[in-house]
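In: Curious how this folds, go ahead:
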Amino acid sequence: MWEEIFKLIFFIEPASGNIIIDLFLPIVLTGTLYRISYRTVGEMYSDGLISSSIAGSFFHWFIRMGLVYIVIFAFNLIVNHITSFLPVIAIGILIYLYKKYI
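Out: Okay, here's the model as predicted:
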């Protein structure tokens, strides 16, 4: 039940223009972030914060879809404004190299 609700709330698609990336990024992310949400909800059960399976399901899907939404939002932001991010990334790398080697 909660899966469908959170998929509607957090609906966002990658916008790279590459159909393979746009189709597989959400699949890979949800699979990867499953472990994080599973572990977090398990800790909530252990700490006594939740006790019912309905609450566990709610928090599992909220955490999972929320993280997917944040990652895809950041991905879209970077892809759409890559020319703005390249100088920032280059400056960051130069500062890192300067501090490390000088």
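
In: From now on I want contacts and neighbour counts done on CA atoms only, so please keep to that.
Out: Will do.

In: Just checking the distance from the helix or strand encompassing residue 64 to the centre of its chain.
Out: For residue 64, the enclosing helix or strand under DSSP states H and E is helix 53-80. In terms of Cα atoms, centre = their mean, to the nearest Å, the centre of helix 53-80 is set 5 Å apart from its chain centre.

In: What is it packed up against?
Out: Packing contacts for helix 53-80, counted by 3 or more Cα pairs under 8 Å, 6 or more residues apart in numbering; DSSP states H and E, involve helix 2-9, helix 19-47.

In: just checking, next helix/strand downstream of it?
Out: helix 82-101.

In: And the pLDDT at residue 59?
Out: On pLDDT, residue 59 comes in at 92.

In: now do residue 14
Out: Predicted confidence (pLDDT) at residue 14: the value is 61.

In: Likewise for the one 10 residues further on?
Out: pLDDT recorded at residue 24 is 79.

In: Quick check: the gap between it and residue 61.
Out: From residue 24 over to residue 61 the distance is 19 Å, taken as Cα to Cα, to the nearest Å.

In: same question, residue 96
Out: Residue 96 is 38 Å from residue 61, where distance means Cα to Cα.
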